[in-house]
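Participant: here's a sequence, model it:
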Amino acid sequence: MNCNGNGFTSTEWEYIQRHHRHEPAENQCTSCLLKRIKAPVHLVWSLVRRFDQPQRYKPFISRCVVQGNLEIGSLREVDVKSGLPATTSTEKLEFLDDDEHILSIRIIGGDHRLKNYSSIISLHPEVIDGRPGTLVIESFVVDVPEGNTKDETCYFVEAVIKCNLKSLADVSERLAMQDRTEPIDRYGSGAVRAV
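Facilitator: This is a model prediction of the structure:
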């Protein structure tokens, strides 16, 4: 799915137009992926915004070390688990907005074929099954490596992002269920509440 508006609701398309502007060159591909998560925005954002701890929900990352303070322009060195055609990635925090729930990164180095990769992830509150939920939109732009097509490149990157978003949903929804757990006896052991 690309970011051209096909297949999106008017609200989704509005979010994409507002927050996910990529201007791909001729040798690049771009796409947008959406995931609905049954957890409130603040909880999902608490995972996404941690530029220094992507491994909390990204299953292909084994280790992350941030250089300097956690701020726009910060760099992180990421170790990638085996199974992907890479072992390391150097990534730069391009944008972080805690009010709008938007994070953008750019890959600036590493031993992989994702050259000029940039992604934007935004979170939007929704009601899902009568409870607070989150619409997550992640978009990217990347060079098409020599010997590959745009479709092949997009398919590969989308597969990785889908896996990350599924893991984000699993972790967030598990945390949301823990948040909803209330003690059986709210007033203390054996206490009687005055009426």
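Participant: what ranges do the helices span in the protein?
Facilitator: 10-19, 41-48, 150-180 (DSSP state H).
Participant: return the most buried member of those helices.
Facilitator: helix 41-48 (a mean of 19; mean count of other Cβ atoms under 10 Å). C-beta here means a position set from N, CA and C on the backbone, and glycine is covered the same way.
Participant: can you list the helices of the chain in a markdown table and add distance to Thr90?
Facilitator: A markdown table is the format used below for the helices of the chain (distance: least, Cβ to Cβ, whole Å):
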| stretch | distance to Thr90 |
| --- | --- |
| helix 10-19 | 25 |
| helix 41-48 | 20 |
| helix 150-180 | 17 |
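Participant: redo those helices as TSV? Include mean pLDDT.
Facilitator: Converted to TSV, the helices of the chain look like this (pLDDT from 0 to 100):
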stretch	mean pLDDT
helix 10-19	92
helix 41-48	96
helix 150-180	93
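Participant: for these, which one sits closest to Asp79?
Facilitator: When the helices of the chain are compared by Cβ to Cβ, helix 150-180 sits nearest Asp79, at 15.4 Å.
Participant: what angle do that closest one and helix 41-48 make?
Facilitator: 120 degrees (axes from the mean of the first three to the mean of the last three Cα atoms, to 10 degrees).
Participant: show me what helix 150-180 is packed up against.
Facilitator: Contact partners of helix 150-180 among helices and strands, from 3 or more Cβ pairs under 8 Å, 6 or more residues apart in numbering; DSSP states H and E: strand 28-37, helix 41-48, strand 131-143.
Participant: so who does Ser167 touch?
Facilitator: Tyr57, Lys58, Pro59 (Cβ atoms under 8 Å, 6 or more residues apart in numbering).
Participant: shaky segments in the protein?
Facilitator: Residue ranges of the chain with pLDDT under 70: 1-6, 83-85, 180-195.
Participant: at 90 what do you get?
Facilitator: 1-9, 21, 67-70, 81-87, 111-114, 130, 177-195 (pLDDT under 90).
Participant: and for Gly68, nearest residue in space, chain neighbours not counted?
Facilitator: Ser74 (5.6 Å; Cβ to Cβ, 6 or more residues apart in numbering).
Participant: returning to what we had before: using CSV, lay out the helices and strands packed on helix 150-180 together with distance to Ser172.
Facilitator: Converted to CSV, the helices and strands packed on helix 150-180 look like this (distance: least, Cβ to Cβ, whole Å):
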stretch, distance to Ser172
strand 28-37, 5
helix 41-48, 5
strand 131-143, 7
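Participant: of the ones you listed, give the one that comes closest to Pro125.
Facilitator: helix 41-48 (4.7 Å).
Participant: report all helices and strands that the closest one contacts.
Facilitator: strand 118-128, strand 131-143, helix 150-180.
Participant: also compute the angle for that helix relative to strand 28-37, please.
Facilitator: Using the same axes, to 10 degrees: helix 41-48 against strand 28-37 is 130 degrees.
Participant: which other residues reach stretch 95-104?
Facilitator: So stretch 95-104 is contacted by 19, 41, 45, 48-49, 51, 71-72, 93-94, 118-124 (Cβ under 8 Å, 6+ apart).
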